[in-house]
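[1] Give me a 3D structure for the following:
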Amino acid sequence: MTYAVDFETVSTVGLESSPVAEALAGLRANEARYFKNKYGHVFTVEPADEATAAVEWVTRILDEERGLVISAKPLEASSFQVENIRMAYVFYEDGLSINVMYTVDDGGKRAVGFKLSDGMEVPAELGAFKFARQKSKLAGTIRGSYFVIKKEH
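    Numbering: from 1, shown residues only. Take a look at the predicted model:
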């Protein structure tokens, strides 16, 4: 079932099994606010087992680009296009959020972003990355990192 994320009334719907459910819900709401304000796009998510195409695309890019395999269970995912940018998000049970920004035009920006919910440890598989901190009214302190996608996906 698709769920439109409300960034004014933050809800843990779909994320209840996470030990950092409230922080992860805030992180998800933070993303929803960004897309609404920048693109007028309503950010929707669905259970990961119903959004298999999005989860598989993100999983494949992580593996093919960096040999990364995320051990946490995916809870929710989203896939959409705004302007000429294909986006995919996966929210994991441990509090991790991974997004893929893939400009469909040749030579455009393409990257994978990692965001860690407030209160979670850096997953072992992401230990090589440096994380910058950012404050969010919705999510508390968000730690983020990224890498540039080099191959075609």
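
[2] C-alpha only now, for contacts and for neighbours.
    Will do.

[3] Packing partners of the longest helix belonging to the chain?
    Ranked by residue count and defined by DSSP state H, the top helix of the chain is helix 21-39. If you count contacts as 3 or more Cα pairs under 8 Å, 6 or more residues apart in numbering; DSSP states H and E, helix 21-39 packs onto strand 140-148.

[4] can we see that at 10 Å?
    Of the remaining helices and strands, those touching helix 21-39 by 3 or more Cα pairs under 10 Å, 6 or more residues apart in numbering; DSSP states H and E are strand 44-47, strand 74-82, strand 85-92, strand 96-103, strand 110-116, strand 132-136, strand 140-148.

[5] TSV please, covering those strands and showing distance to residue 4 and mean neighbour count.
    Supplementary listing: those in TSV, determined by distance: least, Cα to Cα, whole Å; neighbours: other Cα atoms under 10 Å:
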stretch	distance to residue 4	mean neighbour count
strand 44-47	4	20
strand 74-82	10	20
strand 85-92	14	22
strand 96-103	17	22
strand 110-116	20	20
strand 132-136	20	11
strand 140-148	21	17
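
[6] returning to what we had before: determine how far the longest helix of the chain lies from the middle of the whole chain.
    The chain centroid and the centroid of helix 21-39 are separated by 10 Å, computed with Cα atoms, centre = their mean, to the nearest Å.

[7] Same question for stretch 81-100.
    The chain centre lies 3 Å from the centre of stretch 81-100; the measure is Cα atoms, centre = their mean.

[8] Fine by me, thanks again.
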